[in-house]
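# 3D model of this:
(one chain, ligands or ions: 1)
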Amino acid sequence: MALHLFWQEKELPTLSQRELVSTLLATTLLLILFRILISVYYQAFHPLSQFSGPPGAATSRHWVYRVTDRGFPEEDFERLHKQYQTHVLRIGPNELHISDVEQYRIIYSQSKPFPKYGTFYEAFNTPHTVFTETDRDMHKERRRLLNPLFSRVGVFKLEPVIHEKVGIMLKKIDRLKESQSINVYDAFRCLTTEVIMEFAFAKSANMLEENETTFESWFLTAFDAVSGSLWKLQEWPLVRKALYFVPTSLVSLVDPQIAYVARMLKFAESCLQHYTIHGNTTPHPVVFDNLSSVSYDFKVTEALDVLIAGADTTASTLTTGVLHILSSPDIHAKLRQALNNTEEPTGMQLLELEKIDYLIACVKESLRIGMAVPGRLPRVVPHDLLQPFVVDNKVIPPGTVVSMSAYTMHTNEDVWGPDAQKFNPHRWLRPESKGLDQYLCTFSKGSRMCIGQNVAYAEIIIVMAYLFRNFELGLPQDFVPPQRRDLFTMGYSQPGLPIHFSRLEKNGVRSRPLSLDSDITK
Ligand code: HEM
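Next up is the predicted model:
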């Protein structure tokens, strides 16, 4: 009551129009002055001011997102490294991009890795998973739980699932091949997602057979929505936080693809519920099996992360590999010849396929040129280093965000030679090629390197073997390579990679159609 009277008695002072305008003007001028002072500080007085780079990058973290938005930032960084003649390029007020290949083993080391830069990994919205965790001990513990599933033994247990799914994909290709070219990018995405779903959730969404005549799937739409929004969520952390509080139904009105993401989350939860009630009803290990000590919510996010980390990555590597092999008649012929002696089903087992040197060389070259995660992996220079972190004879202060990329590592001509950008499996077959593995950073290196690389290798080897052994593949006459886009994982624009398939003639005899039961799933 007293408060009410107070407001009635006291009249609020009103601003005249002139006062309002001058207040606004003064505020704007202050803001501009503040911005200028900040820019001067970042360019001239900040500890990173000794490192060169575009002026816009030094003063605003938005610069890096504008470059990212162009589609393939690593190419821009590479050009700028050359322009400024430096191995240490300033790409943000507190971020440096490094192109000295010898620094990779220091930043991404096994024993004392630089910690992940939390702000970058927060945008994945899956806190405290093995992928996003920034605390060293918590990461170590989660990785200890998961490692056995992803070991070579673990992958051999998963191998029948890979054969089964490849069988389903090839049967569908066999059925569709006479009437149309087939977008293998989508086919590979459905395949790898299905394999990882079985592995992560003990259940699949039947994506390979969802559509009668194509390999389209609602799950792929959900993936595209997640990866398409990733950089925006990186750039605008406040929007990301605000989105937590907006009901999904409302967000879906603005972006209908978000509805598919919500459906994906529901699918993940329903799988966990099924698993909680029935246990693992599959004959193979499942990620949930090793997460009994983890809370319900973290189980779901961990399985989702494995799914997102393992699906498009492997599919995009396969797509790049197939595209390059088909673009070179010589490589294509050599690969077919190498696979000619394999017999189904026994010769198509992973252990046997791994002995085919030319196949493995093609797989490694696909991983090098394909590099499904081509971009920067940001880390923070630790404060407790025994020696200062020095690049180009300059000390990089602790607390600085530094990053290197697979693109830098895989295009370096001192390492790979003048044909570094060329798809050349032969480079893996030379006597000195063993030393090259240390520079193959597709899966990163050290204690944060990809936990799923054995799974990825297995899938790529098996799919390539089946494809090139059983089919004559060709690019359409009017083929235009799809545009690639670095969305953290490499993505391809539609129509992906359309391929003409026909059954391979063997000694003049048309090979028999695949019999799913007898040939592949055994
Ligand atoms: C060609 C395929 C693949 C590529 C190129 C790839 C690449 C990578 C890279 C570069 C990292 C490090 C990311 C970082 O430091 O931020 C990573 C981590 C990870 N990957 Fe993969 N990956 C592939 C397949 C897979 C598969 C099949 C799975 C699961 C089945 C998987 C699960 C993970 C997980 C869980 C991590 C986090 C590991 C940790 O931080 O300890 N990846 N991957």
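# For residue 180, grab the count of nearby residues.
By other CB atoms under 10 Å, 12 other residues sit near residue 180. All C-beta atoms are positioned from the backbone trio N, CA, C, and that covers glycine.
# Which residues of the stretch 401-522 of the chain lie near the ligand?
442-444, 448, 450-452, 455-456 (CB under 6 Å from any ligand atom).
# which non-adjacent residue is nearest the closest residue to the ligand within the chain?
The chain approaches the ligand most closely through residue 452 (2.1 Å), counting by CB to the nearest ligand atom. Spatially, and ignoring its direct neighbours in sequence, residue 452 is nearest to residue 310 (4.8 Å; CB to CB, 6 or more residues apart in numbering).
# the strands in the stretch 251-400 of the chain, which residues?
379-380, 389-391, 394-396 (DSSP state E, counting those that start in this stretch).
# oh, I was asking about the chain
Shown for the chain, the strands assigned by DSSP state E span residues 88-92, 95-98, 182-183, 379-380, 389-391, 394-396, 401-403, 471-474, 484-487, 489-492, 498-503, 505-506, 509-510.
# highest average neighbour count across those?
strand 95-98 (a mean of 26; mean count of other CB atoms under 10 Å).
# who touches the residue of the chain closest to the ligand in this structure?
Contacts for residue 452 were tallied using CB atoms under 8 Å, 6 or more residues apart in numbering; they are 150, 306, 309-310.
# can you check residue 337 too?
Here residue 337 is in contact with residue 358 (criterion: CB under 8 Å, 6+ apart).
# Near the ligand, which residues of the stretch 251-400 of the chain are found?
305-306, 309-310, 313-314, 317, 372-373, 377.
# any idea how far residue 144 is from residue 196?
21 Å (CB to CB, to the nearest Å).
# now residue 99
32 Å.
# Comparing the two, which shows the higher neighbour count?
It is residue 196, of residue 99 and residue 196, that has more neighbours when counted by other CB under 10 Å, with 27 against 24.
# what residue ranges in the chain score low on pLDDT?
1-13, 15, 345, 505-522 (pLDDT under 70).
# let's go with 50 and repeat that
For the chain, the stretches flagged by pLDDT under 50 are 1-7, 507-522.
# Residue 493 against residue 483, yeah?
Yes - between residue 493 and residue 483 there is a contact at 4.2 Å, judged by CB atoms under 8 Å.
# excluding its backbone neighbours, what's nearest residue 421?
residue 411 (6.1 Å).
# just to revisit the earlier point, columns neighbour count on top of the contacts of residue 452, output as JSON lines?
Below are the contacts of residue 452 laid out as JSON lines (neighbours: other CB atoms under 10 Å):
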{"residue": "150", "neighbour count": "24"}
{"residue": "306", "neighbour count": "25"}
{"residue": "309", "neighbour count": "24"}
{"residue": "310", "neighbour count": "25"}
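# in those residues, which two residues are the furthest apart from each other?
Farthest-apart pair in the contacts of residue 452 is 150 and 309; separation 11.2 Å (CB to CB).
# picking up where we left off before, with distance to residue 266 added, can I get the contacts of residue 452 in TSV?
Shown next, in TSV, are the contacts of residue 452 (distance: CB to CB, whole Å):
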residue	distance to residue 266
150	26
306	18
309	20
310	20
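# Can you list which of those are found in helices?
150, 306, 309-310 (DSSP state H).
# burial measure for residue 127, as a count.
14.
# Return the residues in contact with residue 105.
Taking CB under 8 Å, 6+ apart, one finds 438, 445-446 in contact with residue 105.
# quick one: which of those is nearest residue 137?
residue 446 (16.1 Å).
# Wait, that closest one touches residue 114, no?
No - when contacts are counted by CB under 8 Å, residue 446 is not listed as touching residue 114 (9.3 Å).
# The two: who's more crowded?
Neighbours per residue (other CB under 10 Å) separate residue 446 from residue 114, with residue 114 holding more: 24 against 16.
# what bridges to the residue nearest to the more buried one when sequence neighbours are not counted?
For residue 114, ignoring the flanking residues on the chain, the nearest one in space by CB to CB, 6+ apart is residue 379 at 3.6 Å. Note on residue 379: beta-bridge partners by DSSP bridges are residue 116, residue 402.
# so who does residue 379 touch?
Residue 379 sits in contact with 107-108, 113-117, 401-403, where contact means CB under 8 Å, 6+ apart.
# at 6 Å instead, please
107, 114, 402 (CB atoms under 6 Å, 6 or more residues apart in numbering).
# For the first one, list the residues it contacts.
Taking CB under 6 Å, 6+ apart as the definition of contact, the neighbours of residue 107 are 114, 379.
# on that earlier part again, mind checking which of the strands of the stretch 251-400 of the chain is nearest residue 504?
That would be strand 379-380 among the strands of the stretch 251-400 of the chain, by CB to CB, at 46.7 Å.
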